[in-house]
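Peer 1: Okay, here's the prediction I keep looking at, along with the sequence it came from:
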Amino acid sequence: MPLYLCRWPNGDCSIVWARNKDEAVIELDQVGNAEGCPLIPLREFQVHFALTDDGKLEFEALGEGTKELLFALAYPLLEKTFSAIYGEWDSNQETFTPDQQARIQVAVEQERERVRVKPEELAEPETEMGHDIKKQTGMATPLINRIVQQTTRHMLKDFTGQGKPH
């Protein structure tokens, strides 16, 4: 199964393991409606967690190359800005200059505006019931279609018609 990188319109990103993009949208529904968001297959990904003394997992670090890959795929404007800044980095410099910080902030704002979901490009639910559910809940179409299909199967499972079939 592929691993997908979802780039949310607000600039956040999520990683999900799913059979296909529709399944990824369904899994990502725990976070939000990913319908129309870029879903990019990842060939490499590594993340490290630390076990705390109180028995919880805490994020420790991304694997070597993973951070660079995520920036290249999900944040190209920010990656370009960081490349330019590190290209002018002074060997005595320990932190970003105010100008560099301002350039990073501009790139972050541009990244947050760069990805937009276009409603006209979203798939429509397969049934009238699905259309009603979408209007009421705003759920992703693949999830709605799955729910309607499962509900219909369940309802028809025990259905016995009246009279003899023709």
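Peer 2: That came through fine.

Peer 1: where along this structure do the helices fall?
Peer 2: 21-28, 66-74, 76-87, 98-114, 128-137, 141-157 (DSSP state H).

Peer 1: and Ile85, what is it in contact with?
Peer 2: Phe96, Gln100, Arg103, Ile104 (Cβ atoms under 8 Å, 6 or more residues apart in numbering). (Each C-beta comes from the backbone N, C-alpha and C, glycine too.)

Peer 1: ok, the third one touching Lys80?
Peer 2: Read that as Arg103. No. If you go by Cβ atoms under 8 Å, Arg103 and Lys80 don't touch, sitting 10.4 Å apart.

Peer 1: Show me the shaky parts of the protein.
Peer 2: 163, 165-166 (pLDDT under 70).

Peer 1: check contacts around Leu73.
Peer 2: So Leu73 contacts Leu5, Arg7, Ile40, Leu42 (Cβ under 8 Å, 6+ apart).

Peer 1: nearest residue to the last one other than its sequence neighbours?
Peer 2: Looking back up the chat, that one is Leu42. Leu3 (4.5 Å; Cβ to Cβ, 6 or more residues apart in numbering).

Peer 1: that older thread, closest to Gly87 out of the contacts of Ile85?
Peer 2: Nearest to Gly87 among the contacts of Ile85 is Gln100, at 11.2 Å by Cβ to Cβ.

Peer 1: before we move on, back to that, right, and the pair among the contacts of Ile85 with maximum separation?
Peer 2: Farthest-apart pair in the contacts of Ile85 is Phe96 and Arg103; separation 8.7 Å (Cβ to Cβ).

Peer 1: higher neighbour count, Arg103 and Lys80?
Peer 2: Arg103 (16 against 13; other Cβ atoms under 10 Å).

Peer 1: quick revisit: highest average neighbour count across the helices of the chain?
Peer 2: helix 21-28 (a mean of 21; mean count of other Cβ atoms under 10 Å).

Peer 1: For Gln136, see how far away Pro142 is.
Peer 2: Using Cβ to Cβ, to the nearest Å, we find Pro142 at a distance of 17 Å from Gln136.

Peer 1: I'd assumed Ala34 was in contact with Met139.
Peer 2: No. With contact defined as Cβ under 8 Å, Met139 and Ala34 do not form a contacting pair (10.9 Å).

Peer 1: Count the neighbours of the residue lying closest to Thr141 once chain neighbours are set aside for me.
Peer 2: Leaving aside its sequence neighbours, Thr141 sits nearest to Ala123 (Cβ to Cβ, 6+ apart; 4.7 Å). For Ala123, the neighbour count with other Cβ under 10 Å is 14.

Peer 1: No further queries at this time; thank you.
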